[in-house]
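In: Coordinates for the following, if possible.
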Amino acid sequence: MMRRSCFQSLLVTGWLVLAGLAAAHEGPHAQRALPAGDFSVIEKKSRDYFSDAPLVDQHGKPVRFYSDALKGSTVLINVIYTECKDACPLITRSLVEVRKALGSDAPKTIRFVSISVDPERDTPEALRKFAQQNEAEHPAWIFLTGRKSVVDGVTRKLGQYASEPEMHTSLLIAGNVDRGNWIKIRPDTKPELIAARLRDLARP
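Out: Just a heads-up that it's a prediction; the model follows:
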C-alpha cells in the first residue's frame, strides 16, 4: 500500500511557472504550441532553470542534467529511492508497462529519467540493481544519483524535493523539453494512457 505522502500535490515553483514550463494538469489544454522562433529562447531558459548539474547514472557514467538527460528529449521523470518497499517498485513496474505500451515504434526521443531522493545511499550499483530487480533496464531509461546537495537542487527545481526519502511525491512529470510543454501525471494512470500522452508530447 502506498504511503499517503506519496500522493501529495506536486508543487512546481520558480521559473517553471513564470516562464511557461509549468507542469499543467492533465487535460485538453495541457500542451501549448510555441510561436516559430521561440525554441532557442526555451532552450536557454530550460538550461538556465534546470542547470547542467553534474550527476551520475546507474552505470557510473557522468551525466549533465540538462545536456545529457533532458535536451532534445520528451521525458518522463519520477523520483525513487532503492530501499523503498512499496510505492517505488510498484510505480517503476508500472512505468515498465508504459515502455511496453509505447511499442517498438516509439519515437526515439522519448526517455525515462528516475532520480534518487536518497543519493547518500543510492550508489550507481544500488540503482542498477533496483532497475534489474524491477525489469527496468532499457537504453532510454536512466537512473540518476550524485552528491546530495546537487540532487537536492535538481529535485527542488522539479518540485520533487523531499526532506526524507519516504516523504517523496509519486507524481510523474512529463515534458517536451525543446518546446517547453509540461504536464503532471498521477502514477495510477493506466500505462496505455501515459504512453499516449508521451507520444502526443513527442509529436513534431
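
In: Can you tell me the centre-most residue of the chain?
Out: Central residue of the chain (CA atoms, centre = their mean): residue 77, 0.9 Å from the mean position.

In: Was I right to think that one contacts residue 111?
Out: No - because the distance of 9.3 Å does not satisfy CB atoms under 8 Å, residue 77 is recorded as not touching residue 111. Quick note: C-beta positions are derived from backbone N, CA and C, even for glycine.

In: For residue 62, the count of nearby residues, please.
Out: Residue 62 is surrounded by 10 other residues when neighbours are defined as other CB atoms under 10 Å.

In: and what of the one 4 residues further on?
Out: Other residues near residue 66 number 18, with proximity taken as other CB under 10 Å.

In: Also residue 137?
Out: By other CB under 10 Å, the residues close to residue 137 number 12.

In: Residue 176 now?
Out: Residue 176 is surrounded by 23 other residues when neighbours are defined as other CB under 10 Å.

In: Check the offset of stretch 55-63 from the chain's centre.
Out: Centroid separation for stretch 55-63 versus its chain: 16 Å, with CA atoms, centre = their mean, to the nearest Å.

In: Low-confidence ranges, this structure, go.
Out: Within the chain, the stretches with pLDDT under 70 are 1-39.

In: Could you list every helix and strand that the helix ranked longest in the chain packs against?
Out: Once the chain is assigned using DSSP state H, the helix that runs over the most residues is helix 87-102. In terms of contacts (3 or more CB pairs under 8 Å, 6 or more residues apart in numbering; DSSP states H and E), helix 87-102 is packed against strand 74-80, strand 110-116, helix 124-133, helix 191-202.

In: Out of the ones you listed, the one nearest residue 151 is which?
Out: Of all the helices and strands packed on helix 87-102, the one in closest proximity to residue 151, counting by CB to CB, is strand 110-116 (6.8 Å).

In: relative orientation of the closest one and helix 191-202 in degrees?
Out: Using axes from the mean of the first three to the mean of the last three CA atoms, to 10 degrees, the interaxial angle of strand 110-116 with respect to helix 191-202 works out to 110 degrees.

In: Determine the set of other helices and strands touching strand 110-116.
Out: Identification of packing neighbours for strand 110-116 by 3+ CB pairs under 8 Å, 6+ apart yields strand 74-80, helix 87-102, strand 141-145, helix 148-157, helix 191-202.

In: For residue 174, which of those is the nearest?
Out: Nearest to residue 174, of all the helices and strands packed on strand 110-116, is strand 74-80, at 4.9 Å by CB to CB.

In: which secondary structure elements does the closest one contact?
Out: Judged by 3+ CB pairs under 8 Å, 6+ apart, strand 74-80 is in contact with helix 87-102, strand 110-116, strand 172-176, helix 191-202.

In: Distance to residue 146 for the ones you listed - can I get that in CSV?
Out: Output for those, formatted as CSV (distance: least, CB to CB, whole Å):
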stretch, distance to residue 146
helix 87-102, 18
strand 110-116, 8
strand 172-176, 19
helix 191-202, 25
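
In: Out of the ones you listed, flag the one nearest residue 165.
Out: Ranking these by their distance to residue 165 (criterion: CB to CB) puts strand 110-116 first, at 8.3 Å.
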